[in-house]
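Q: need a structure here:
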Amino acid sequence: MKGYKVRYKNAKFSSEKIELDGKSFIYCEFQDCMIILERGDTELSGCTFKNCKLVLKGNAYTVGKIIKLFTGKSPLKVLDMEEPLFEKVHLEERKEEAP
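A: The predicted structure follows:
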């Protein structure tokens, strides 16, 4: 893909929040990062990810949900940052613990 104004090559990222959209990453290393993807308008080639979390938002989150419909399982653990997922999980755990 061509036309990205922001390009990284052989860069190392550690403990950072990285938004992929609109950027190109070639042979980059990511460690302990939060990787955010919303539109999917990015280029990733030859990159490595160690102990990173991927956050899908907007269109990327929708694609993740569609993949789940077709495969019956999530390709990744997908979180929608706009939904109160953590509150729901904690409430369900409390219900199960009650005698």
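Q: buried ones in whichever strand or helix holds Phe70?
A: Applying DSSP states H and E as the criterion places Phe70 in helix 58-71. Buried positions in helix 58-71, judged by neighbour count with 16 or more other Cβ atoms under 10 Å: 60-61, 64. C-beta: built from backbone N, CA, C; applies to glycine.
Q: tell me the contacts of the nearest residue to Thr42 once chain neighbours are set aside?
A: Nearest non-adjacent residue to Thr42, counting by Cβ to Cβ, 6 or more residues apart in numbering: Leu20, 4.1 Å away. Applying Cβ atoms under 8 Å, 6 or more residues apart in numbering to Leu20 gives the contacts 35-37, 42, 44.
Q: quick check, nearest of the residues you listed to Ala11?
A: Leu44 (12.2 Å; Cβ to Cβ).
Q: from the chain's centroid, how far away is the helix holding Phe70?
A: 12 Å (Cα atoms, centre = their mean, to the nearest Å).
Q: model confidence over it, on average?
A: For helix 58-71, mean pLDDT rounds to 87.
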